[in-house]
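Undergrad: here is the input, now give the coordinates:
(one chain, ligands or ions: 1)
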Amino acid sequence: MCEFTAPARGRRRLTHPFRSGGTLFGEKGAKSEKAGYIKRRHPMWFSCDRVLKEFMMDVFEAIKRRYSCRAYEDRPIEQEKLARVLEAARLAPSAKNFQDWRFVVVTDSDTKAQLAEAANNQTFVGTAAAVIVACSNNDHVMTCGQAVGPIDVAIALEHIALQAVAEGLATCWIGAFQTNKARDVLGIPADIAIIELMTIGYPADRQRSPKREPIEKIVCYQRWQFGS
Ligand SMILES: Cc1cc2nc3c(=O)[nH]c(=O)nc-3n(C[C@H](O)[C@H](O)[C@H](O)COP(=O)(O)O)c2cc1C
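TA: Okay, the predicted model is just below:
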């Protein structure tokens with residue numbers, strides 16, 4: 001871990017999450033990793049680095065803490081938290097900046113219970129503070145052959161999932177649901193695709209250790225090296 005000397009405020013110790021020494025802006029000014037202090041840095045660089053460090057930690061922490069929550073407290077989400085979570089979706093990227101996503105936020109208990117039924121009776125769906133029903137009215141197919149609608153909505157939903165973590169909330173993607181039932185429950189027109197549901201609320205369970213493939217199995221460099 002590296003340590004910095006803050007010129008204006010005396011020596012302060014900061015650790016960087018991803019680098020064992022130096023800064024994101026290069027090694028200039030670093031004495032040695034062993035000595036552990038980076039000196040002669042302009043204060044501007046110091047504060048940029050600190051802001052970046054905090055930003056990166058927040059995002060990576062949220063990614064690590066997100067899990068599929070299937071038990072929720074009987075507690076509503078504060079309006080300002082929900083607003084930030086939805087703002088995270090609004091700020092998501094989309095193909096050609098179409099932004100053709102639509103989100104129906106359901107907090108009404110009866111309606112949530114009906115959505116739980118539509119979701120193959122996954123009863124926990126009805127216990128979440130809200131169910132976000134993510135829709136798209138975009139049937140555009142990109143040059144690469146992939147449909148825009150589901151991709152754009154998925155990105156926005158993952159923004160929601162990560163911002164939820166930052167707000168102390170938890171989520172679960174729900175893909176196992178019967179579209180026509182959900183459509184009837186919410187009065188969604190036939191030409192609108194319901195892409196996914198997402199439950200959101202205060203968690204009443206705990207994160208299990210994620211089961212994931214090792215990085216070597218899913219990443220290669222330069223050329224396809226996975227076999228056919
Ligand atoms: C597109 C998608 C659909 C999913 N549908 C469901 C679902 O219907 N019900 C459920 O309990 N979990 C659902 N999940 C959650 C996955 O089972 C979960 O993400 C996976 O097992 C990894 O666990 P983790 O999210 O806790 O890391 C879905 C996840 C994704 C990404």
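Undergrad: how much space between the residue nearest the centre of the chain and Arg65?
TA: Among the residues of the chain, the one closest to the centroid is Leu162, at 2.7 Å (Cα atoms, centre = their mean). With the distance defined as Cβ to Cβ, to the nearest Å, Leu162 ends up 9 Å from Arg65. For the C-beta atoms, the positions are set from N, CA and C on the backbone; glycine is no exception.
Undergrad: ditto for Ser228
TA: 36 Å.
Undergrad: swap in Gly227?
TA: Distance from Gly227 to Arg65, counting by Cβ to Cβ: 34 Å.
Undergrad: between these two, which one's more packed in?
TA: A direct count of neighbours by other Cβ atoms under 10 Å for Gly227 and Arg65 places Arg65 higher, at 13 against 4.
Undergrad: what's the average pLDDT for stretch 83-95?
TA: Rounded to a whole number, the mean pLDDT of stretch 83-95 is 98.
Undergrad: please read the previous query as pertaining to stretch 195-209.
TA: Summarised as a single mean, pLDDT over stretch 195-209 is 97.
Undergrad: mind checking the end-to-end distance for that stretch?
TA: Start to finish, the residues bounding stretch 195-209 are 28 Å apart (Cα to Cα, to the nearest Å).
Undergrad: buried residues in it, which are they?
TA: When burial is assessed from 16 or more other Cβ atoms under 10 Å, stretch 195-209 yields the following buried residues: Ile195, Glu196, Leu197, Met198, Thr199, Ile200, Gly201, Tyr202, Pro203.
Undergrad: so the last one makes contact with Ala71?
TA: Yes - because the distance of 7.1 Å satisfies Cβ atoms under 8 Å, Pro203 is recorded as touching Ala71.
Undergrad: check the secondary structure at the nearest residue to Leu91 once chain neighbours are set aside for me.
TA: Counting by Cβ to Cβ, 6 or more residues apart in numbering, the nearest residue to Leu91 once its immediate chain neighbours are dropped is His159, at 6.9 Å. Secondary structure, DSSP: H, G, I helix; E, B strand; the rest coil: His159 is helix.
Undergrad: quick one: His159 from Ile132, how far?
TA: When Cβ to Cβ is applied, the distance between His159 and Ile132 equals 11 Å.
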